[in-house]
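Peer 1: 3D, please:
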Amino acid sequence: VHELLACVVAILEHGLVGLSAAKRIGIPAQAGSPSVWRVVRQRLPALHPPSAQSVAFVAVAPGLSGDGDRLLVWLRHALNDGCLGEALEALIADGRTMAQWYAPGAAVRDPEAGQTLVQLLAGMAHVRFRLSVTG
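Peer 2: Numbering: from 1, shown residues only. Presented below is the predicted three-dimensional model:
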């Protein structure tokens, strides 16, 4: 599961506006800088209502040290709920979100790469995960 989540995070971070430059020069993302968690928190509840509860839970969960931790906990929550593929499909399908948060060459903006990710994760909806979501 750890490797799966690391791959999903890498795909979601690819081409995120503002993040690639910080990583390239080796500086940590600053508070207020773009992060996948910020995209999820700000856009997903409206685009995929079944995710609203898990996003709200993770947004206020104690003991998480930053956006990266919150993203991982939310991904685990979505796997447990069997809706990670659907949630990411809704996010990727929203042209406004993609244009606002991602560079044109981002993996999630590529129709083939985005659909491949969604299809792979949709197949996991039938797997019953019981992952820790406490951070």
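Peer 1: quick one: the helices in this protein?
Peer 2: Listed in chain order, the helices of the chain (DSSP state H) span residues 2-13, 19-24, 36-47, 52-60, 67-81, 84-93, 95-101, 111-122.
Peer 1: Which of those has the lowest mean pLDDT?
Peer 2: Out of the helices of the chain, helix 19-24 stands lowest, with a mean of 51 (criterion: mean pLDDT).
Peer 1: Please determine how far the closest residue to residue 43 other than its chain neighbours is located from residue 14.
Peer 2: Ranked by Cβ to Cβ, 6 or more residues apart in numbering and with sequence neighbours excluded, the top spatial neighbour of residue 43 is residue 97, at 4.8 Å. Where C-beta positions appear, they are placed from N, C-alpha and C, glycine not excepted. Separation of residue 97 from residue 14 (Cβ to Cβ, to the nearest Å): 15 Å.
Peer 1: Residue 113 versus the spatially most central residue of the chain, what's the distance?
Peer 2: Most central residue of the chain, judged by C-alpha distance to the mean C-alpha position with Cα atoms, centre = their mean, is residue 36 at 5.3 Å. Separation of residue 36 from residue 113 (Cβ to Cβ): 16 Å.
Peer 1: what's the answer for residue 90, then?
Peer 2: Distance, residue 90 to residue 113, by Cβ to Cβ: 17 Å.
Peer 1: and if you look at residue 66?
Peer 2: 27 Å.
Peer 1: higher neighbour count, the two?
Peer 2: residue 113 (15 against 12; other Cβ atoms under 10 Å).
Peer 1: Contact partners for the more buried one?
Peer 2: 11, 107 (Cβ atoms under 8 Å, 6 or more residues apart in numbering).
Peer 1: measure it to residue 119 for me?
Peer 2: In terms of Cβ to Cβ, residue 113 sits 11 Å off from residue 119.
Peer 1: for residue 14, same thing?
Peer 2: Applying Cβ to Cβ, the value for residue 14 to residue 119 is 18 Å.
Peer 1: between those two, which one's more packed in?
Peer 2: Shown here are residue 14 and residue 119; by other Cβ under 10 Å, residue 14 has more neighbours (19 against 11).
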